[in-house]
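Chemist: Structure for the following, please:
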Amino acid sequence: MDLKSSHVSPVLTDPIPVNKSRLGIHSGLLTYSQPDSPGKYSRTGSRKSAGSSLDDVRFNGWLDAMKASSPPRKKLLKGSNPQVASIDYDIDDYLSFMVDYPSALDSFEKIIDRAKSKKVAIFLDYDGTLSPIVDDPDCAFMSEAMRTTVRSVARYFPTAIISGRSRDMVFDLVKLTELYYAGSHGMDIIGPFRQNSSNNHPNCVKFTEHQGKEITLFQPAREFLPMIHEVFTTLLEITKDIKGAKVENHKFCVSVHYRNVEENNWTAIGQRVHDVLKNYPRLRSTHGRKVLEVRPVIDWDKGKAVEFLLESLGLNDCDDVLPIYIGDDKTDEDAFKVLREGNRGFGILVSSMKKQSNAFYSLRDPTEVMKFLQLLVNWKRQEERKHGEKYMSEL
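Modeler: Predicted structure coming up:
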């Protein structure tokens, strides 16, 4: 299989028409009430008190989880890198963190020693990895330098972006056809078609793109689309009175952002999401960085998406494959875990703060991610140049 020519230019539109994600930003006033029936909310009436109920987010652990996944920003210390001033970190915490998760830049030679004579596959998160974390998710743009770097990576290695955003949204931000894309935490994947693989799953649709190449669209949670849309509409409605709240429909999951919500209103955000989900036992909420994400209860995550793409690329059962996954959020831990099990590859956590992870290495911010990717490209170019010179000398 010619990897260099087999992982480019995927089709980026569904063969089955779907609606684009919708976005709501709220600052108006709306009185919230408990649901009268599943999926239904009244626009008037007073909210029932939950202070003494175990369903209250203050008692069932939700609020603690929201705070734990959203650590307060720390001041940038004097002497820190001025080029990454938008990323706040505590130098003592960072040095302690690096003991367990060494810098992937400092450990590059060790990573390359493992990569020699192997097929390297690259998997990337988007927010916080290719773009900085910003207050408005709509403004999480990757730099042109990063875009050029990722394009170069895709030239030499099979490359995929696996994001919590909808697939069409992340493509609109990245704008590169050389990659494969997995949106909604891997529940919406465009990948290569391969016979005798999981491409034969009933939720896979095979189609041919404009260059005649066979492509797979895999959506394991397609049956949840009407339910997700209903929950999105409900959450959009009942969070309108919370200033700064933002609700995004990522097609197979719904994100409720509270990054711009005053902390004393986090309880209200958590409680309302919790109340809605009581009527949807087939949905669950996970906690990200100042975001609650409503997702289908299925055995699927970013780790499963990595395995699916590796299999689609014909790399899943190969001992000579080294997958590298770079991500910054809790949802990326599933992918790190898959690569750690059996020592299959390397997870690289993007973080400037101490935290527990299944990753092997770390990078501090998107600037360091770009440097690491550039090192990979330069290494591959040198390898190809060496092989070319060796071939010419043998003629």
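Chemist: Using CSV, list the CA coordinates for stretch 300-312.
Modeler: The C-alpha coordinates for stretch 300-312 follow below in CSV (Å, rounded to 0.1, in the frame of the first residue of the first chain):
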residue,chain,number,x,y,z
TRP,A,300,-17.4,5.1,21.1
ASP,A,301,-14.8,7.8,21.8
LYS,A,302,-11.6,9.3,20.4
GLY,A,303,-9.7,6.1,21.2
LYS,A,304,-12.1,4.1,19.1
ALA,A,305,-11.8,6.6,16.3
VAL,A,306,-8.1,6.2,16.3
GLU,A,307,-8.5,2.4,16.0
PHE,A,308,-11.0,2.8,13.2
LEU,A,309,-8.8,5.1,11.2
LEU,A,310,-5.7,2.9,11.7
GLU,A,311,-7.7,-0.1,10.5
SER,A,312,-9.1,1.9,7.5
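Chemist: can you list the residues that contact that stretch?
Modeler: 121, 123, 160, 162, 180, 182, 185-187, 189, 191-194, 197-199, 216, 218, 220-221, 316-317, 321, 323, 325, 327, 331-332, 334-339 (C-beta atoms under 8 Å, 6 or more residues apart in numbering). Quick note: C-beta positions are derived from backbone N, CA and C, even for glycine.
Chemist: 7 Å instead, please
Modeler: 121, 123, 160, 162, 180, 182, 185-187, 189, 191-192, 194, 197-199, 216, 218, 220-221, 316, 323, 325, 331-332, 334-335, 337-338 (C-beta atoms under 7 Å, 6 or more residues apart in numbering).
Chemist: which residues in this structure form strands?
Modeler: Under the criterion DSSP state E, the chain contains strands at 23-25, 119-124, 159-162, 180-183, 188-192, 204-208, 214-218, 246-249, 254-257, 283-288, 291-296, 321-327, 346-350, 361-363.
Chemist: Ok, which of those comes nearest P132?
Modeler: Distance to P132, taken as C-beta to C-beta, is lowest for strand 346-350 among those, at 10.4 Å.
Chemist: Give me the sheet partners of the closest one and which way each runs.
Modeler: Strand pairing for strand 346-350, using DSSP bridges, gives strand 321-327 (parallel), strand 361-363 (parallel).
Chemist: chain center to the shortest one: distance?
Modeler: In terms of C-alpha atoms, centre = their mean, to the nearest Å, the gap separating the centre of strand 361-363 from the centre of its chain is 17 Å.
Chemist: which parts of that strand are buried?
Modeler: Residues of strand 361-363 classed as buried by neighbour count (16 or more other C-beta atoms under 10 Å): Y361, S362, L363.
Chemist: again with stretch 341-355
Modeler: R344, G345, F346, G347, I348, L349, V350, S351, S352, K354, K355.
Chemist: which of the residues you listed lies closest to E263?
Modeler: Nearest to E263 among those is K355, at 20.1 Å by C-beta to C-beta.
Chemist: Specify which member of the buried residues of strand 361-363 is nearest to I91.
Modeler: The nearest member of the buried residues of strand 361-363 to I91, counting by C-beta to C-beta, is S362 at 14.4 Å.
Chemist: Over to the residue nearest to that closest one when sequence neighbours are not counted: give its phi and psi.
Modeler: Closest residue in space to S362, ignoring its immediate chain neighbours: Y101 at 4.0 Å, by C-beta to C-beta, 6 or more residues apart in numbering. Y101 has phi and psi values of phi -130, psi 80 when expressed as degrees, to the nearest 10.
Chemist: so what's Y101 scoring on pLDDT?
Modeler: For Y101, the pLDDT comes out at 93.
Chemist: how close does it get to L339?
Modeler: Distance, Y101 to L339, using C-beta to C-beta, to the nearest Å: 14 Å.
Chemist: List the contacts of I269.
Modeler: T239, I242, A245, V256, Y258, V261.
Chemist: Closest one to K175 out of the buried residues of strand 361-363, please.
Modeler: L363 (23.1 Å).
Chemist: tell me the contacts of that closest one?
Modeler: S103, A104, L105, I348, V350, V369, F372.
Chemist: which of the residues you listed has the most neighbours?
Modeler: When neighbours are counted by other C-beta atoms under 10 Å, I348 leads those with 29 neighbours.
Chemist: pLDDT weak spots in the stretch 51-200 of the chain?
Modeler: 51-54, 70-90, 194-200 (pLDDT under 70).
Chemist: How are the helices of it distributed by residue range?
Modeler: With helices called from DSSP state H, counting those that start in this stretch, the stretch 51-200 of the chain shows them at 62-68, 91-100, 108-115, 144-156, 167-174.
Chemist: Pick out the residue closest to the middle of this structure.
Modeler: S163 (3.0 Å; C-alpha atoms, centre = their mean).
Chemist: M169 is in contact with that one, correct?
Modeler: No: with contact defined as C-beta atoms under 7 Å, S163 and M169 do not form a contacting pair (8.1 Å).
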